[in-house]
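1. Model the following, please.
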Amino acid sequence: MKYKIYNSIVLTIKLPRRLEKVNIKSKAGKAKILGTLVCVSGAMILTLYKGMPLTNPSKSGIVNLKSREGNMLISPEKTRRWTIGSIVLTAGSIVWSLWFLIQAKIGQKYPCQYSSTAIMCFFSAIQSALSSLSIDRNIFVWVLKGKLEILTVIFAVSIN
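-> Next up is the predicted model:
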């Protein structure tokens, strides 16, 4: 489902700008619009759900308090973190969808796919390094320890 929401957001960005045409009278157009609506509404329902926790409360650390009416209440700190998480999740999905559109424009103007991919990977590595250093300044966190970590890196490099 993760990738379906990105496609839906890309479609909702492209339609008003007339970058994509959808024939509403055809079956394919109706399916595309219906799929977008179902996907976005389902993602919003799961993101904005405030009922009982979907995970096991004892394992996830969520503390629920019973009120006189029997409704479940979540502490203000958990609500604040939930709100920030929802905003960050939505912003991340929109930015990732915009990235697809930017890549399409780059592919049209700069036809050398391998070098443009290398440039994008280089700058994303710099961005990842800066963001990880802003979170944890200890460089020794990045040192691979143990056979499993080394094998994981080798496997990830070999399949790409």
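
2. Give me the phi and psi angles of Val22.
-> With angles defined as degrees, to the nearest 10, Val22 sits at phi -120, psi 120.

3. if I read this right, it contacts Gly35, doesn't it?
-> No: contact between Val22 and Gly35 fails when scored by Cβ atoms under 8 Å: they sit 11.2 Å apart. Where you see a C-beta, it was placed from the backbone N, CA and C, and this is true even at glycine.

4. what's the weakest-modelled helix or strand in the chain?
-> Ranked by mean pLDDT, DSSP states H and E, the helix or strand of the chain with the weakest confidence is strand 64-66, at a mean of 48.

5. Can you list the residue ranges for strands in this structure?
-> Per DSSP state E, the chain carries strands over the ranges 64-66, 72-74.

6. Contact partners for Asn23?
-> With Cβ atoms under 8 Å, 6 or more residues apart in numbering as the criterion, the residues that contact Asn23 are Gly29.

7. Distance check, it against Ile33.
-> Distance of Asn23 to Ile33, given as Cβ to Cβ, to the nearest Å: 10 Å.

8. How many residues are close by Ile9?
-> Other residues within reach of Ile9, judged by other Cβ atoms under 10 Å, total 23.

9. for the protein, what are the low-confidence residue spans?
-> Across the chain, the ranges flagged by pLDDT under 70 are 1-4, 47, 50-76, 78-79, 160.

10. Go ahead and flag the most central residue of it.
-> The centroid of the chain falls nearest to Ser93 when counting by Cα atoms, centre = their mean (4.6 Å).

11. right, and that one touches Tyr6 too?
-> Yes: here Ser93 reaches Tyr6: they are 6.4 Å apart, a contact under Cβ under 8 Å.

12. Select the longest helix from the chain.
-> Longest helix in the chain by number of residues (criterion: DSSP state H): helix 76-109.

13. what's it packed up against?
-> Here helix 76-109 touches helix 2-14, helix 27-48, helix 113-135, going by 3 or more Cβ pairs under 8 Å, 6 or more residues apart in numbering; DSSP states H and E.

14. right, so these: which one is the most enclosed?
-> helix 2-14 (a mean of 17; mean count of other Cβ atoms under 10 Å).

15. Restrict that helix to CA atoms and write it as PDB.
-> What follows is helix 2-14, C-alpha atoms only, in PDB (Å, rounded to 0.1, in the frame of the first residue of the first chain):
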ATOM      1  CA  LYS A   2       2.900   2.300   0.600                       C
ATOM      2  CA  TYR A   3       3.600   2.800  -3.100                       C
ATOM      3  CA  LYS A   4       0.000   3.100  -4.000                       C
ATOM      4  CA  ILE A   5      -0.400   6.300  -2.000                       C
ATOM      5  CA  TYR A   6       2.500   7.900  -3.800                       C
ATOM      6  CA  ASN A   7       0.900   7.100  -7.200                       C
ATOM      7  CA  SER A   8      -2.400   8.600  -5.900                       C
ATOM      8  CA  ILE A   9      -0.600  11.800  -4.700                       C
ATOM      9  CA  VAL A  10       1.200  12.100  -8.000                       C
ATOM     10  CA  LEU A  11      -2.100  11.800  -9.900                       C
ATOM     11  CA  THR A  12      -3.700  14.500  -7.700                       C
ATOM     12  CA  ILE A  13      -0.700  16.800  -8.400                       C
ATOM     13  CA  LYS A  14      -0.700  16.100 -12.100                       C
END
